[in-house]
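J.: Sequence first, then the predicted structure, then my questions.
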Amino acid sequence: MLSIVSDPAGDVVHIHGDLAGLEVLERAVAQLKEIVAAGGCQDSHLFSASWGGSELTETMLEQEHSAGWTQVNHIKLFGWTQDWSARHGLSSDAP
């Protein structure tokens, strides 16, 4: 289970994961980390079943549902080198 939901304003994101789901997320980040460490830039996608994937589940807590939270069906992770992030105007202030 890897379920990601956002509040109605899109300001807050909750990530719910069991061991298998957290391992999916960890692998995606680790792969990007290796590419960036080698000087490359890459992106990675995680999708829910309704968006043609199998990485994200489509569940949320009842209180999130009642409060109008939105299910996230597509996560796109980007791995940037410092050079490329600077070229695209992305800040490297934290961390």
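T.: Received it, and whenever you're ready, just let me know what you need. Numbering: from 1, shown residues only.
J.: And the residue lying closest to residue 79 once chain neighbours are set aside, how far from residue 1?
T.: Of all residues not flanking residue 79 in the chain, residue 32 sits nearest, at 3.4 Å (CB to CB, 6 or more residues apart in numbering). To be clear about C-beta, it is placed using only N, CA and C from the backbone, and glycine gets the same treatment. In this structure, residue 32 lies at 22 Å from residue 1, with CB to CB, to the nearest Å as the measure.
J.: go on, residue 35?
T.: The value you get for residue 35 to residue 1, if CB to CB is used, is 27 Å.
J.: Those two - which one has more neighbours?
T.: residue 35 (16 against 13; other CB atoms under 10 Å).
J.: Show me where this structure dips below the pLDDT cut-off.
T.: When the per-residue scores of the chain are filtered using pLDDT under 70, the ranges that remain are 94-95.
J.: The lengthiest helix in it - contacts with which helices or strands?
T.: With DSSP state H setting the assignment, residue counts place helix 19-37 as the longest helix in the chain. Packing partners of helix 19-37 (3 or more CB pairs under 8 Å, 6 or more residues apart in numbering; DSSP states H and E): strand 2-6, strand 42-47, strand 74-79.
J.: who's in contact with the shortest one?
T.: To tie it back to what came earlier, the one meant is strand 2-6. When contacts are taken as CB atoms under 8 Å, 6 or more residues apart in numbering, the neighbours of strand 2-6 outside the stretch itself are 12-18, 20-22, 24-25, 46, 55-60, 64, 69-72, 75.
J.: what's the offset of stretch 25-45 from the middle of its chain?
T.: Its chain's C-alpha centre and that of stretch 25-45 lie 12 Å apart, by CA atoms, centre = their mean, to the nearest Å.
J.: In the chain, which residue is most central in space?
T.: Closest residue to the average C-alpha location of the chain: residue 75 at 4.4 Å, with CA atoms, centre = their mean.
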